[in-house]
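Chemist: any chance you could fold what I've pasted below:
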Amino acid sequence: MNNENTTAIALSANDALTMSSREIAELTGKRHDNVLRDIRTYLQGGILITEETPYIDPQNGQTYYEFRLNKRDALLVVSGYDAPLRAKIIDRWMELEQQVRDPANMLMAHLNDNTFLRSTLLTYTEKVMVLQDQVAELSPKAEALDRIATADGSLCVTDGAKNLQVRPKDLFTYLRSNGWTYRRIGTDHDLAYQSKLTQGLLEHKVTTVYRSDGTEKITTQVRITPKGMTVLAKVFPPIAA
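Modeler: Predicted coordinates:
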């Protein structure tokens, strides 16, 4: 007989107490495959409605299947067994129902149920993995926001590069190669694509430039908005210290 605890303490989504086919086999002294055969016979006749559920045998690590039955179905399956065997199932159900009524006994039964503990651990492990993925996804966004938190208004590309901790040449190259800016033939300054202006990532600002001879030149300068800096900070992650 399998020494693993096969207790039937299990509550379904609708809080219905169930008994495993393995426990029926253990209590009645029958082989589990024979109990499975009996259950499948009732299933084929449409008398039972249940599904097989997997479990892992701790002795060999293999995955097998069992049925978990409510009281009505469990008693139906053993209705063809002799009276002493049926009595064992009925007595067990009375014990289980008492445990459900007594929270302390119910807790102890759960702690002794390897199947329940494995299922609970798996559920919480999956939740932790989901939360870790969410944190990993949000971390770059948080870092990006931290890096532009002090930005006041828009920045020229050179100042934007300093803020992003990249070379101005690299930022200029990225903007020109990825549909942010372009340069008209015969001009010496970049212009923003209309799509980036519309999205609020870039803006144009008229700037006065003073030449070395003291004369002035009015030019249109592309500037990166705080929103644009947020997007670029994700493209250029911070350099590890």
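Chemist: can you give the distance from stretch 179-188 to the centre of its chain?
Modeler: When distances are taken as CA atoms, centre = their mean, to the nearest Å, stretch 179-188 is centred 45 Å away from the chain's centroid.
Chemist: and the contacts of it?
Modeler: Outside stretch 179-188, the residues within contact range by CB atoms under 8 Å, 6 or more residues apart in numbering are 172, 174-176, 189-193, 195-196, 201-202, 222. In short, each C-beta sits where N, CA and C put it, glycine included.
Chemist: that one: which residues count as buried?
Modeler: Judged by neighbour count using 16 or more other CB atoms under 10 Å, the buried positions of stretch 179-188 are W180, T181.
Chemist: same question for stretch 232-239.
Modeler: L232, A233, F236.
Chemist: so which of the contacts of stretch 179-188 are in strands?
Modeler: Judged by DSSP state E, the contacts of stretch 179-188 include L191, A192, L202, V222 as members of strands.
Chemist: tell me which helix or strand the most centrally placed residue in the chain sits in.
Modeler: When CA atoms, centre = their mean is applied to the chain, the residue found nearest the centroid is V130 (2.5 Å). Assigned by DSSP states H and E, V130 belongs to helix 114-147.
Chemist: the next helix-or-strand element following that helix pairs with which strands, parallel or anti?
Modeler: Later in the chain than helix 114-147, the nearest helix or strand by DSSP H and E is strand 155-156. Using DSSP bridges, the strands paired with strand 155-156 are strand 216-224 (antiparallel).
Chemist: buried set for the strand it pairs with?
Modeler: So, applying 16+ other CB under 10 Å, buried residues of strand 216-224: Q221, V222, R223, I224.
Chemist: low pLDDT regions in this protein?
Modeler: 1-16, 102-120, 122-124, 126, 133-152, 209, 238-241 (pLDDT under 70).
Chemist: quick revisit: now, of the contacts of stretch 179-188, which are buried?
Modeler: Using 16+ other CB under 10 Å, the buried members of those are F172, Y174, L175, D190, L191, A192, Y193, K196, L201, L202, V222.
Chemist: using the three-state scheme, assign the residue of the chain most remote from its centre.
Modeler: If you look at how far each residue of the chain sits from its centre, by CA atoms, centre = their mean, the farthest one is D213, at 63.4 Å. When classified by DSSP: H, G, I helix; E, B strand; the rest coil, D213 comes out as coil.
Chemist: can you pull the contacts of it?
Modeler: If you count contacts by CB under 8 Å, 6+ apart, D213 has none.
Chemist: and it, backbone torsions?
Modeler: Per-residue torsions, D213: phi -90, psi 10 (degrees, to the nearest 10).
Chemist: now, which of the buried residues of stretch 232-239 sits nearest E97?
Modeler: E97 has its nearest neighbour among the buried residues of stretch 232-239 in A233, at 60.4 Å by CB to CB.
Chemist: would you mind giving the secondary structure of the closest one?
Modeler: Per three-state DSSP, A233 ends up helix.
Chemist: if I look at it, how far off is Y174?
Modeler: 12 Å (CB to CB, to the nearest Å).
Chemist: pop the domain breakdown of this protein in here.
Modeler: 19-125, 148-235 (automatic domain parsing).
Chemist: so what's the residue nearest to S79 when sequence neighbours are not counted up against?
Modeler: Closest residue in space to S79, ignoring its immediate chain neighbours: R86 at 7.2 Å, by CB to CB, 6 or more residues apart in numbering. With contact set as CB under 8 Å, 6+ apart, R86 has these partners: L75, V78, S79.
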